[in-house]
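>>> the following comprises the amino acid sequence and a computationally predicted model.
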Amino acid sequence: MPELPEVETIKQGLSKKIVGLKIKDVQILNSKTFSGDEKQLKNKKVKSIWRKAKVLGIDLENNLTLLFHLKMSGQLVYQGKQRFVGGHPTTDMTQEMPNKSTRVIFEFSDKSKLFFNDQRKFGWIRIIDNGQLKMDNFLKNLGPEPLEKDFTVEVFKKQLLKRKNLPIKVALMDQSLISGIGNIYASEACFDAKIDPGRKVSELSDQEFKKMHQGIIKSLEDGIKHGGATRAHFVDAEGHKGYFLDYAYVYGKDKHPCKVCGGIIKKITQAGRGTYYCPKCQK
DNA sequence: TGCCCCCTGCAG
DNA sequence: CTGCAGGGGGCA
């Protein structure tokens, strides 16, 4: 799925588009995707949009919030009102919506639409009352946000040491330790820190915790800067791909030469997920 | 604290 | 055909 930078990219794009719009209708094309009574959403205005870890929240009037998790293949694509250019109808979209992966469609009072597409159907949308947000099981188990100012090296180290026997790359992806890092940025952060992803958390020196901490922040910020990472599915709120993978050092680059040392990037499996690293740069 | 599973589609 | 894919919940 979209990881922190991808969800953040969607949040920023969507905020510019739908804050202030009123939901007119909701069409649910796949019932398992949506939980809650969609009739509650009718005529509710969008107040603000936020992100926590990889979850997107849309706050509505009447203390209602829509929670979205895109999991592996989810997309949230906004299609503005149809415009006419040179006498022909056109939109911002690069692809036709809805498509066969569209699971839910939100229609706003100005006729613009928000499409929730999800090929693999792992993603979900839930309606939650704001009073329950703090109690929500999913949200309350999420670790600190790595791009917040209070995410210091000390906080990072303390969190990771809760799972000291895990390989560092696997620990980085544990959402209860740190929010928002997934398979792409875990590999990239380890490369930036020059740390072998197979090293156990307990083996890291203070200096290595510091490099790892910087590597996480650097990788996530680079991801946001390039509009996220598109492997197969990710698109931003306007339907555009992200270009972070063009700039990545190791993710998806197995058998390719390392951009730094020229050595060959290797792919291994950790906890059932692919990990990419440069054995020469990362120790 | 590890597996299997939820799904669909694409590459090999 | 098998294996693999930005995630993570439920189960031993």
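That came through, no problem.
>>> average model confidence for stretch A:126-141?
Averaged across stretch A:126-141, pLDDT comes to 90.
>>> can you check stretch A:174-190 too?
98.
>>> near DNA strand C, anything from that stretch?
Yes - if you take Cβ under 7 Å from any atom of the strand as the test, stretch A:174-190 does meet DNA strand C, through A:175, A:182-184. From N, CA and C alone the C-beta is placed, and that goes for glycine too.
>>> top of those residues by neighbour count?
A:Ile184 (26 neighbours; other Cβ atoms under 10 Å).
>>> which element follows whatever helix or strand it lives in toward the C-terminus?
If you go by DSSP states H and E, A:Ile184 is part of helix A:183-193. Sequence order places helix A:206-225 as the next helix or strand after helix A:183-193, per DSSP H and E.
>>> may I have that next one exported as PDB, CA atoms only?
Extracted C-alpha coordinates of helix A:206-225, given in PDB (Å, rounded to 0.1, in the frame of the first residue of the first chain):
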ATOM      1  CA  ASP A 206      23.900   4.700  19.600                       C
ATOM      2  CA  GLN A 207      25.700   6.100  16.500                       C
ATOM      3  CA  GLU A 208      23.800   3.600  14.300                       C
ATOM      4  CA  PHE A 209      20.500   4.500  15.900                       C
ATOM      5  CA  LYS A 210      21.200   8.100  15.000                       C
ATOM      6  CA  LYS A 211      22.000   7.300  11.400                       C
ATOM      7  CA  MET A 212      18.900   5.100  11.200                       C
ATOM      8  CA  HIS A 213      16.800   7.900  12.600                       C
ATOM      9  CA  GLN A 214      18.200  10.300  10.000                       C
ATOM     10  CA  GLY A 215      17.700   7.700   7.200                       C
ATOM     11  CA  ILE A 216      14.000   7.300   8.100                       C
ATOM     12  CA  ILE A 217      13.400  11.000   8.000                       C
ATOM     13  CA  LYS A 218      15.400  11.500   4.800                       C
ATOM     14  CA  SER A 219      13.700   8.700   2.900                       C
ATOM     15  CA  LEU A 220      10.200   9.700   3.900                       C
ATOM     16  CA  GLU A 221      10.800  13.300   3.100                       C
ATOM     17  CA  ASP A 222      12.200  12.300  -0.300                       C
ATOM     18  CA  GLY A 223       9.200  10.200  -0.900                       C
ATOM     19  CA  ILE A 224       6.900  13.200  -0.300                       C
ATOM     20  CA  LYS A 225       9.100  15.400  -2.400                       C
END
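>>> what count of nearby residues applies to A:Lys32?
Residues near A:Lys32, counting by other Cβ under 10 Å: 11.
>>> one more: A:Ser176?
When counting by other Cβ under 10 Å, one arrives at 13 neighbours for A:Ser176.
>>> wait, a helix at it?
No - secondary structure of A:Ser176 (DSSP: H, G, I helix; E, B strand; the rest coil): coil, not part of a helix.
>>> so where do the strands sit in the stretch 1-150 of chain A?
A:23-28, A:34-35, A:46-52, A:55-60, A:64-69, A:74-79, A:83-85, A:88-90, A:102-108, A:113-118, A:124-129 (DSSP state E, counting those that start in this stretch).
>>> below-threshold pLDDT in chain A: ranges please.
A:1, A:82-94 (pLDDT under 70).
>>> and the contacts of stretch A:143-153?
Here stretch A:143-153 makes contact (Cβ atoms under 8 Å, 6 or more residues apart in numbering) with A:4, A:52-53, A:155-156, A:159, A:174-181, A:209-210, A:213, A:216-217, A:220-221.
>>> mind running it again at 10 Å?
Outside stretch A:143-153, the residues within contact range by Cβ atoms under 10 Å, 6 or more residues apart in numbering are A:4-5, A:8, A:51-53, A:155-156, A:158-160, A:162, A:172, A:174-181, A:185, A:189, A:206, A:209-214, A:216-217, A:219-221, A:224.
>>> doesn't A:Thr275 fall inside a strand?
Yes - looking at A:Thr275 with three-state DSSP, it is inside a strand.
>>> ok, and the closest non-adjacent residue to the residue in the stretch 51-200 of chain A that DNA strand B sits nearest to?
Of all residues in the stretch 51-200 of chain A, A:Arg120 sits closest to DNA strand B, at 3.2 Å by Cβ to the nearest atom of the strand. Residue nearest to A:Arg120 in three dimensions, not counting chain neighbours: A:Ser73, with 4.4 Å by Cβ to Cβ, 6 or more residues apart in numbering.
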